[in-house]
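Student: coords please:
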Amino acid sequence: MLATKTKLYDTTLSELPSILSRELKNHNYKITYSTSSKIIVNTPASIWSWGEEITIEFRTGDAATSITISSDSKYQLIDWGKSNGNIDNVFLIIDKIVGKS
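Tutor: I've put the predicted structure just below:
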């Protein structure tokens, strides 16, 4: 089940995608695609799910960056809130990077 959320950050930190990639690896996410405007990661399968694919998209303007995160179950019709949890976890990591924790 696809879930999507967008947040606006008052920063134009150009290194944010590469810093986030490193942090995601430290949190056991598997990066399958990474550019300066998009990161795609997979979560591992667990007893609760077959894993999810998370897409993180960056849109940087003059004074702010919009980040949209989507999470989708790989093989399940119902994810019992796992996709929303994934999105919230990634936003927590981003908040720490930009100093909003």
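Student: So what's the residue count around L24?
Tutor: 21 (other C-beta atoms under 10 Å). Yep, even glycine has a C-beta here, placed from its N, CA and C like the rest.
Student: secondary structure element for it?
Tutor: helix 16-26 (DSSP states H and E).
Student: Show me what that helix is packed up against.
Tutor: Counting by 3 or more C-beta pairs under 8 Å, 6 or more residues apart in numbering; DSSP states H and E, the packing neighbours recorded for helix 16-26 are strand 30-34, strand 38-42, strand 52-60, helix 82-98.
Student: Give me the contact list for the last one.
Tutor: Around helix 82-98, the neighbours that count as contacts under C-beta atoms under 8 Å, 6 or more residues apart in numbering are 1-5, 7, 9, 11, 13, 16, 19-20, 23-24, 27, 43, 48-49, 52, 54, 56, 67, 69-73, 101.
Student: Same question for the third one.
Tutor: Applying C-beta under 8 Å, 6+ apart, the external contacts of strand 52-60 come out as 12, 14, 16-17, 20, 29, 32, 36-43, 65-74, 79, 82-83, 86-87, 90.
Student: quick check: angle from whichever helix or strand comes after it to helix 82-98?
Tutor: Past strand 52-60, further along toward the C-terminus, the next helix or strand under DSSP H and E is strand 65-73. Relative orientation of strand 65-73 with respect to helix 82-98: 150 degrees, computed using axes from the mean of the first three to the mean of the last three C-alpha atoms, to 10 degrees.
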